[in-house]
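Student: have a look at this prediction, sequence included:
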Protein chains: 2
Amino acid sequence: MTQQMTALATVITPEELLEHWQGHRRLTRKVIEAYPETELFTFSVGGMRPFSELVLEMINMGNPGIDGIVSGQWPAWGAQETKSAPQTKEALLYMWDELTEKLNRLWPEIKPERFHEVDLAFGQWEGTIQFLLFYFIDNEIHHRAQGFVYLRALGIEPPAFWDRS
Amino acid sequence: MTQQMTALATVITPEELLEHWQGHRRLTRKVIEAYPETELFTFSVGGMRPFSELVLEMINMGNPGIDGIVSGQWPAWGAQETKSAPQTKEALLYMWDELTEKLNRLWPEIKPERFHEVDLAFGQWEGTIQFLLFYFIDNEIHHRAQGFVYLRALGIEPPAFWDRS
């Protein structure tokens, strides 16, 4: 009874939060796929970064991010950027899918009390783990929406925002 | 002890979720303010809606939305749209601020077990209340990011994404 009441009084469970993130990530993957090969790496509006660079930022946040969330060990922000960036849509999608599997694999290692521990992400952003996780997800929604506008400006219909399948 | 453990094992509390939403809403308000009066209602990229219409969508989702979340009573989607739309930035900000206060006022009425009840929002979207709330917030992040791109295309620096003050 107590356990059931606790579950019922929870806003979102860890499993639901992972599904929330992976649902958004499935949509972002569809947006990457919707791009023509060249424009993915070159096109932008208003002097902003091309979509490939925004996607790389999502990966460079989430990939060391999930390690930091599980272990408390964070590399400095930007440390990933010394690695060579993918030059093709296929290579970018490969990195994307690797992170999808990594998130599913490591997520169960996040201890329940961890979500309210305060940490210094990437050596510079302080917040509770739940705050940092929502920051990663919201940053992805924000930059993906830029990608939607670029697609429209290219005359390409983006995938539906509500479709997380 | 049990209460403390429950709090610690919670991903995000109801109070934190309200602050999460209101933090995003403070940023959206700054984006509205950053627009020149005319372009707020007329400018767009790629044939999309001007930012004022996107902001009205956020209000038309959140305003009857919080009533539905608290009471289970939902108007049909679009029922709000018969009301006359604001014609000035000041009028739009006035509607925005009314909703800010309404959310703060009604939020404590959401019963803890409500977040996992399934409801049919606006008579057509089925999901748990937590799912619907995150949909409202994510939809705002998504459309606000369009507003960021429009501002850049107008040569205007948008507010910082991370600043929710």
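Tutor: That came through, no problem.

Student: quick check: the gap between the residue lying closest to A:Lys30 once chain neighbours are set aside and chain B.
Tutor: In space, not counting the residues next to it along the chain, A:Lys30 is nearest to A:Pro159; the distance is 4.2 Å by CB to CB, 6 or more residues apart in numbering or on different chains. (Each C-beta comes from the backbone N, C-alpha and C, glycine too.) Using CB to the nearest CB, to the nearest Å, one obtains 12 Å as the distance from A:Pro159 to chain B.

Student: so is the biggest helix by length in chain A next to chain B?
Tutor: As assigned by DSSP state H, the longest helix anywhere in chain A is helix A:129-153. Yes: judged by CB under 8 Å from any CB of the partner chain, helix A:129-153 comes into contact with chain B at A:130, A:134-135, A:138-139, A:141-146, A:148-149, A:151-153.

Student: returning to what we had before: tell me the pLDDT at the residue nearest to A:Lys30?
Tutor: Note on A:Pro159: pLDDT of 98.

Student: over to the one 4 residues further on?
Tutor: In the predicted model, A:Asp163 carries a pLDDT score of 94.

Student: leaving out sequence neighbours, find the closest residue to it.
Tutor: Across the structure, with CB to CB, 6+ apart as the measure, the residue nearest A:Asp163 apart from its sequence neighbours is A:Leu27 (6.7 Å).

Student: which elements pack onto the helix or strand hosting the one you found?
Tutor: A:Leu27 belongs to helix A:14-34 when elements are defined using DSSP states H and E. For helix A:14-34, the packing partners by 3 or more CB pairs under 8 Å, 6 or more residues apart in numbering or on different chains; DSSP states H and E come out as helix A:51-71, helix A:89-106, helix A:129-153, helix B:129-153.

Student: in it, what's buried?
Tutor: Neighbour counts over helix A:14-34 (16 or more other CB atoms under 10 Å in any protein chain shown) mark A:14, A:16-18, A:20-21, A:23-25, A:27-32, A:34 as buried.

Student: relative to the whole chain's centre, how far out is that helix?
Tutor: Centroid separation between helix A:14-34 and its chain, computed with CA atoms, centre = their mean, to the nearest Å, is 8 Å.

Student: also stretch A:153-165?
Tutor: For stretch A:153-165, the distance between its averaged C-alpha position and the chain's averaged C-alpha position is 18 Å (CA atoms, centre = their mean).

Student: just the terminal-to-terminal distance for that stretch.
Tutor: 25 Å (CA to CA, to the nearest Å).

Student: which other residues reach it?
Tutor: Counting contacts by CB atoms under 8 Å, 6 or more residues apart in numbering or on different chains, the residues outside stretch A:153-165 that touch it are A:23-24, A:26-27, A:30-31, A:34-36, A:39, A:43, A:45, A:147-148, A:151-152, B:45-46, B:135, B:139, B:142.

Student: the spatially closest residue to A:His116 that is not a sequence neighbour bridge partners, please.
Tutor: Distances taken as CB to CB, 6+ apart put A:Thr128 closest to A:His116, at 5.2 Å, once the chain neighbours are dropped. Beta-bridge pairing of A:Thr128, defined through DSSP bridges, involves A:Val118.

Student: check whether A:Thr128 really touches A:Phe115, as I assumed.
Tutor: Yes: shown here, A:Thr128 and A:Phe115 form a contact pair, counting by CB atoms under 8 Å, at 6.9 Å.

Student: more crowded one of the two?
Tutor: Neighbour totals were compared for A:Thr128 and A:Phe115, and A:Phe115 leads with 22 against 16 (other CB atoms under 10 Å in any protein chain shown).

Student: pLDDT at that one, what is it?
Tutor: Each residue has a pLDDT score; the one for A:Phe115 is 96.

Student: now the one 10 residues further on
Tutor: pLDDT, A:Trp125: 94.

Student: quick one, what contacts it?
Tutor: When contacts are counted by CB under 8 Å, 6+ apart, A:Trp125 is found next to A:Leu132, A:Tyr135.

Student: any idea how far A:Leu77 is from chain B?
Tutor: Check again: residue A:77 is Trp, not Leu. In this view, A:Trp77 and chain B are 13 Å apart by CB to the nearest CB.

Student: look up phi and psi at that residue.
Tutor: Main-chain torsions, A:Trp77, degrees, to the nearest 10: phi -60, psi 130.
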